[in-house]
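Peer 1: next comes the sequence, and after it the predicted model I'd like to discuss.
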Amino acid sequence: MRYLRIVTIVIFLAALALGGWTEYKLSQRDSVSPEIYSSIEELHLSVQDDDGMLLEGLTASDDRDGDLTDKILVEKVSRFKNPGECEVSYVVFDSESNFCRYQRTVKYDDYKSPRLRLKQPLMYRLGEQIAIMDRFELIDCLDGDITYKLKLESSNVPDDKVGVYEIEVLATNNYGDDIYAKIPLNIGVYSADAPIIELKEYLVYTEVGAHFDPLSYIESVRDVENKPISVSEVKVQSQVDLTKSGGGQICYEVTDSRGISGFMYLAVIVEGAR
């Protein structure tokens, strides 16, 4: 019986000690969150800036850990509220996993919506199989190549009838910016022996009312034997209305000494003046 009493007392004293130790540890536990401060209420950036610039003007500190500025993380970037304007959320943790969040507006002053590119002109010989989407690229100034997001919204293009047809493409980038464009597509009887007009680009953007020189987009003109032809011999027919937003194309035509004509097309997207 005496032995049982001793064991009971030992257990009791151990429990008291454990309880005291637990209470001590709880009293020492850090429950105060760190804080994030910003010297810049609204951050203005360029699309050329790297992601590290999103942390510009931020500092963080904790009552026990001290300076935590180098621990600040970008938690989330919102979709655009306006073109180029988003909300960025930040978070920082201290050594006890207490955390603080902060949010501010970030504006990319030189932001432009994603830009379409054509690797080849939308120009097909009569009877040729019409493959459209593999000729496009979609480049975003923040996310780079987002061609995978591009969709063909509408296309009623026959392969057995000469004419100019219109296709519609659309996409949304990772910030929620929608792009939509109507672009001409050409089907014709084009001779394999025709002179060749090469362009610097096959799709360009311009603004309402802006000066537009179609000849400036010509890279070279040559005949079937690869002999150069003067750019001055190229005839230009514009199907673009520069007075309003929309699009169209420029048709280039050149005829060689044999009387054979070659054609090329430049797609043009006209945006509202900013």
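Peer 2: That came through, no problem. Owing to the predicted nature of the structure, the values given are computational and were not obtained by experimental measurement.
Peer 1: distance between stretch 193-205 and the chain's centre?
Peer 2: Stretch 193-205 has its C-alpha centroid displaced from the chain centroid by 26 Å (Cα atoms, centre = their mean, to the nearest Å).
Peer 1: how about that stretch: buried residues?
Peer 2: For stretch 193-205, burial by neighbour count (16 or more other Cβ atoms under 10 Å) applies to 194-197, 199, 202-205. No exception for glycine: its C-beta is placed from N, CA and C like everyone else's.
Peer 1: going by distance to residue 179, which of the residues you listed wins?
Peer 2: Residue 179 lies nearest to residue 205 out of these, by Cβ to Cβ, at 11.0 Å.
Peer 1: wait, the closest one sits on residue 115?
Peer 2: Yes: between residue 205 and residue 115 there is a contact under Cβ atoms under 8 Å: 6.6 Å.
Peer 1: excluding chain neighbours, what is closest to residue 62?
Peer 2: Closest residue to residue 62 apart from its sequence neighbours, by Cβ to Cβ, 6 or more residues apart in numbering: residue 34 at 3.9 Å.
Peer 1: burial measure for that neighbour, as a count.
Peer 2: Look at residue 34: counted by other Cβ atoms under 10 Å, it has 25 neighbours.
Peer 1: spatially central residue in the chain, please.
Peer 2: residue 140 (2.6 Å; Cα atoms, centre = their mean).
Peer 1: what residues are up against that residue?
Peer 2: 114-115, 146, 173-174 (Cβ atoms under 8 Å, 6 or more residues apart in numbering).
Peer 1: again with residue 44
Peer 2: Residue 44 touches 106-107, 109, counting by Cβ under 8 Å, 6+ apart.
Peer 1: ok, now with 6 Å
Peer 2: Going by Cβ atoms under 6 Å, 6 or more residues apart in numbering, residue 44 touches 107, 109.
Peer 1: on that earlier part again, which one of the buried residues of stretch 193-205 sits closest to residue 100?
Peer 2: For these, the nearest to residue 100 is residue 205 (43.1 Å; Cβ to Cβ).
Peer 1: give me the beta-bridge partners of the closest one?
Peer 2: In this entry, residue 205 is beta-bridged to residue 269, by DSSP bridges.
Peer 1: for residue 245, give its distance to residue 180.
Peer 2: Noted for residue 245: a distance of 11 Å to residue 180, by Cβ to Cβ, to the nearest Å.
Peer 1: ok, the closest residue in space to residue 243 that isn't next to it in sequence - how many residues close by?
Peer 2: Spatially, and ignoring its direct neighbours in sequence, residue 243 is nearest to residue 208 (6.6 Å; Cβ to Cβ, 6+ apart). The number of residues packed near residue 208 is 15, by other Cβ under 10 Å.
Peer 1: pLDDT score for residue 208?
Peer 2: pLDDT, residue 208: 94.
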